[in-house]
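one predicted model, sequence on top.
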Amino acid sequence: MLPYAAYLRVYEPVTAFPEPARTLWTAYAESRRRPRRVRALAVEHLQALQRLTADPPELAPELESQDAYVRRSGDAIYVCPWGTRLRSWLAYERFRERTPARLVPMFAPPAETERVERDFERWKRTGRTLRPHILTSTWHVPPTWFVPFAPAERCLLLGDGTAGKGHSAPAAPEHAGCGPTTAATARTLIYVTAMAEARRRVEVALRIVRTRPVDGEPVTLGEGRLEELGRWLSGFHPRSLVELDYGGLVHLVDDRWLHADASVAETAVALAALERGEVELAVAMSTRLLDRWRPVRALESAN
């Protein structure tokens, strides 16, 4: 069972990595031993379960992961490193911020907590990046994650390997649908776009939200969240690819829900309406988006 989480990933051109990482990732992409896309998320999840069920639990691996997600377009190779150690540190830091101090020992032995904090502080002092290639959201897709994409960049594959009606994979551009990725028969819904398009769409959305604020209405896009997303995207190579993967969330809903999901389109319509001053339409699209995802998010607290 995969985690009920969605993922926002950045794939950088392998040529953007300095040596020796460039050579290592190039060899990795050609290796037959690396986890293919159809299995990669399951492998990543299994490794996390093995760490957390160990005695004592391992909150973060002692060494950084040497695995990555891989995409291709012609002769170009794009790599999204898992960055498991860094992502574990960041997740644990968020956990500590949101959890009363007296409850933390119930989830992690003090010795393990001290090790993780010591290792993370050492990493920070070296000046190395704190920007992971992968963002994770449990039980829902944050509304801002729909902004970088367009409806035509969607790829829906059902469990039998067939594409969803009206959403078959386009056959050409590197950022169109799921064309360039490793063939997979798993149930999945993804969007892929070029970094330049993702940044442009976020910038436009941020300008609209700043100049057309709507007070007291359920408009889903906040200025702060858009700024945060824009900063994250700005830290990567300008010719990267950006991918939204519904991940394990596709197992919480049926085929009809996936076919009907128009979250990216509704977000775009809401922003365009807001820019034109059509507040009622913007609110209607935002309300529709919230209503679609509310039952999914509610499952987090279901018995």
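It's in.

biggest helix in the chain by residues?
Secondary structure of the chain read by DSSP state H shows that its longest helix is helix 279-298.

low-confidence regions, the stretch 51-200 of the chain specifically.
Across the stretch 51-200 of the chain, residues meeting the criterion (pLDDT under 70) sit at 159-185.

please, where are all the strands along it?
Along the stretch 51-200 of the chain, the segments classed as strands by DSSP state E, counting those that start in this stretch run 68-73, 76-81, 134-138, 154-157, 188-194.

distance between the longest helix of the chain and the chain's centre?
The chain centre lies 21 Å from the centre of helix 279-298; the measure is Cα atoms, centre = their mean, to the nearest Å.

repeat that for stretch 269-287.
For stretch 269-287, the distance to the chain centre is 25 Å (Cα atoms, centre = their mean).

send the alpha carbons of it over as CSV?
Written as CSV, here are the backbone C-alpha positions of stretch 269-287 (Å, rounded to 0.1, in the frame of the first residue of the first chain):
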residue,chain,number,x,y,z
VAL,A,269,-10.3,29.7,-14.7
ALA,A,270,-10.4,31.1,-11.2
LEU,A,271,-7.2,33.1,-11.8
ALA,A,272,-8.4,34.4,-15.2
ALA,A,273,-11.7,35.5,-13.7
LEU,A,274,-10.0,37.2,-10.8
GLU,A,275,-7.8,39.1,-13.2
ARG,A,276,-10.9,40.3,-15.1
GLY,A,277,-12.6,41.3,-11.9
GLU,A,278,-15.2,38.6,-12.2
VAL,A,279,-15.2,37.8,-8.5
GLU,A,280,-18.3,35.6,-8.5
LEU,A,281,-16.8,33.2,-11.1
ALA,A,282,-13.5,33.1,-9.3
VAL,A,283,-15.2,32.2,-6.1
ALA,A,284,-17.4,29.6,-7.8
MET,A,285,-14.3,27.9,-9.3
SER,A,286,-12.5,28.0,-6.0
THR,A,287,-15.5,26.5,-4.2
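
quick one: secondary structure of residue 253?
Taking DSSP: H, G, I helix; E, B strand; the rest coil as the rule, one finds residue 253 in the coil state.

residues contacting it?
residue 296 (Cβ atoms under 8 Å, 6 or more residues apart in numbering). Quick note: C-beta positions are derived from backbone N, CA and C, even for glycine.

pull the CA atoms of stretch 11-21 into PDB?
Taking Å, rounded to 0.1, in the frame of the first residue of the first chain, the C-alpha atoms of stretch 11-21 are listed here in PDB:
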ATOM      1  CA  TYR A  11      13.900  17.000 -12.900                       C
ATOM      2  CA  GLU A  12      17.100  18.900 -13.700                       C
ATOM      3  CA  PRO A  13      19.100  18.200 -16.900                       C
ATOM      4  CA  VAL A  14      21.900  15.800 -16.000                       C
ATOM      5  CA  THR A  15      24.300  18.400 -17.500                       C
ATOM      6  CA  ALA A  16      23.300  20.900 -14.800                       C
ATOM      7  CA  PHE A  17      25.000  18.800 -12.100                       C
ATOM      8  CA  PRO A  18      28.600  19.400 -11.300                       C
ATOM      9  CA  GLU A  19      31.200  16.600 -11.600                       C
ATOM     10  CA  PRO A  20      31.400  13.900 -10.300                       C
ATOM     11  CA  ALA A  21      27.600  14.000  -9.800                       C
END
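
what mean pLDDT does it have?
Across stretch 11-21, the average pLDDT comes to 96.

show me the contact partners of it.
Counting by Cβ under 8 Å, 6+ apart, 22, 25-26, 29, 69-71, 76-80, 133, 236-237, 239-243 sit against stretch 11-21.

please identify the buried residues of the longest helix of the chain?
Buried positions in helix 279-298, judged by neighbour count with 16 or more other Cβ atoms under 10 Å: 282-287, 289, 292-293, 296.

again with stretch 221-232
By neighbour count, with 16+ other Cβ under 10 Å as the criterion, the buried positions of stretch 221-232 are 221, 225-226, 229-230, 232.

list just the nearest of these to residue 52.
Nearest to residue 52 among these, counting by Cβ to Cβ, is residue 232 at 26.0 Å.

from memory that closest one sits against residue 133, does it?
No: using Cβ atoms under 8 Å, residue 232 makes no contact with residue 133, being 9.9 Å away.
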